[in-house]
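Colleague: sequence first, predicted coordinates after that:
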Amino acid sequence: MFNKQFSLLIVTLFLSASATVLASGIMSEQDVDAVSRVNITDEDKISKVAGLLAQYEIEAHKLIASLSKPDLTANQLNQQAQQLLSLSESLIKSARFRLPQCANYLDETLKLKANLATISNEKLESDYHHDAALPTAPVECYHTKDLFVHPATVIVLGREDPSLMQKTKTAIEAEIAEVLGHTDIVRQVVIY
């Protein structure tokens, strides 16, 4: 049992590291330093955002771990993805304050929530992953948006394949591993 959990942890960490490298819109240290931010002097606000982001990462790892359970249902998966959506909405509110240049872009992203019951994965991919339905915004906005879009994709994938075939589970794992790559950049541009 320990070896299986340890192996899962190593694979998850590898996937998270890979996602950081593979995630589009990678920002260099200089790019992060150049981001225009509203100064936050309230330590409680900063701590709250840091806590939300840490909780998001924990829930994302739980979702990945649940994919190895043979009795996982689409409903259980949906509940986990809904938890990530809820956390991402709170994170987006903080990012909108800290990064006002992202407000319109992030507001448009949240409109996706109303369409989750009907949007196809292909439409979600083009309109929200690749921004066809979103206004132009600086790269720092992209990473925060993806905290919402990736769990939304999990919901759509689960809806499109409620039997959760292995192909779907693999796609879901890739979605969450990629979003974990975005969390470090969000931490840098929203918290620090």
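Modeller: Structure's in. What do you need? Keep in mind that this is a model prediction, so the values were computed, not measured. Residues are numbered from 1 along each chain as shown.

Colleague: phi, psi for the spatially most central residue of the chain please.
Modeller: The residue lying closest to the centre of the chain (CA atoms, centre = their mean) is residue 147, at 2.5 Å. Backbone torsions for residue 147, taken as degrees, to the nearest 10, come to phi -60, psi -30.

Colleague: pLDDT at the residue nearest to it when sequence neighbours are not counted, what is it?
Modeller: Once flanking residues are discounted, residue 147 sits nearest to residue 88: 4.1 Å by CB to CB, 6 or more residues apart in numbering. For every residue, glycine as well, the C-beta is placed using N, CA and C. Turning to residue 88, the model gives it a pLDDT of 96.

Colleague: how far away is residue 88 from residue 165?
Modeller: Using CB to CB, to the nearest Å, we find residue 88 at a distance of 26 Å from residue 165.

Colleague: pick out whichever of those two has more residues nearby.
Modeller: More crowded of residue 88 and residue 165, by other CB atoms under 10 Å: residue 88, with 28 against 10.

Colleague: which strand or helix spans that one?
Modeller: Secondary structure from DSSP states H and E places residue 88 in helix 74-98.

Colleague: from memory the residue nearest to residue 147 sits against residue 151, does it?
Modeller: Yes - the criterion here is CB atoms under 8 Å, and residue 88 meets it with residue 151 at 6.6 Å.
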